[in-house]
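Novice: here is my input, please return the structure:
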Amino acid sequence: MSAVGYVAWALVVALALGYAAYTRNLRYLERRAYYEALARGAVMAPPPRDPWDGPDPAAPPAVGQPAGPRRRLLAGMITAAVGAALLLGLLTLGVGPWLLGGLVPLFVGLALIFFWLLDRRP
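Specialist: You can find the predicted model right below:
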């Protein structure tokens, strides 16, 4: 690839990151103006939630979604199962460094299950 191709890719990446930073800053400014207006005594609807802030802690869990520590157990079981399946599938190629593709998610899932066991309260 020529230098023009590298510059074009760098420009595309810079524009994407710049757009993400710009929209994030606009959401921050909107929230800041909302809280300043509340401090002055204004009554208004809250601004929309930022998807980067994670799930709304005041909202009830979605239907079919486990709440609390059970979510960690479910995530650990799914991750460990995917890791075990990848490990068995990659084992057909023989023993080598490619087995890390299955070992890493397997042990991440086992760690989540282990932390769930430690965090359980009687």
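Novice: going forward, measure contacts and count neighbours with C-alpha atoms only.
Specialist: Noted.
Novice: buried residues in the longest helix along the chain?
Specialist: Using DSSP state H to assign secondary structure, the helix with the most residues in the chain is helix 3-39. Buried positions in helix 3-39, judged by neighbour count with 16 or more other Cα atoms under 10 Å: R27, R31, Y34.
Novice: tell me which of those residues is nearest to G109?
Specialist: Nearest to G109 among the buried residues of helix 3-39, counting by Cα to Cα, is R27 at 34.4 Å.
Novice: quick check: that closest one vs G5, distance?
Specialist: Distance of R27 to G5, computed by Cα to Cα, to the nearest Å: 33 Å.
Novice: ditto for V108
Specialist: To G5, V108 is 38 Å away according to Cα to Cα.
Novice: now do A14
Specialist: Distance, A14 to G5, using Cα to Cα: 14 Å.
Novice: what's the domain layout of the chain?
Specialist: The chain breaks down into these domains under automatic domain parsing: 1-54, 67-122.
Novice: rebuild those as JSON lines, extending it with mean pLDDT.
Specialist: Shown next, in JSON lines, are those (pLDDT from 0 to 100):
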{"stretch": "domain 1-54", "mean pLDDT": "87"}
{"stretch": "domain 67-122", "mean pLDDT": "86"}
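Novice: thanks again, I'm all set now.
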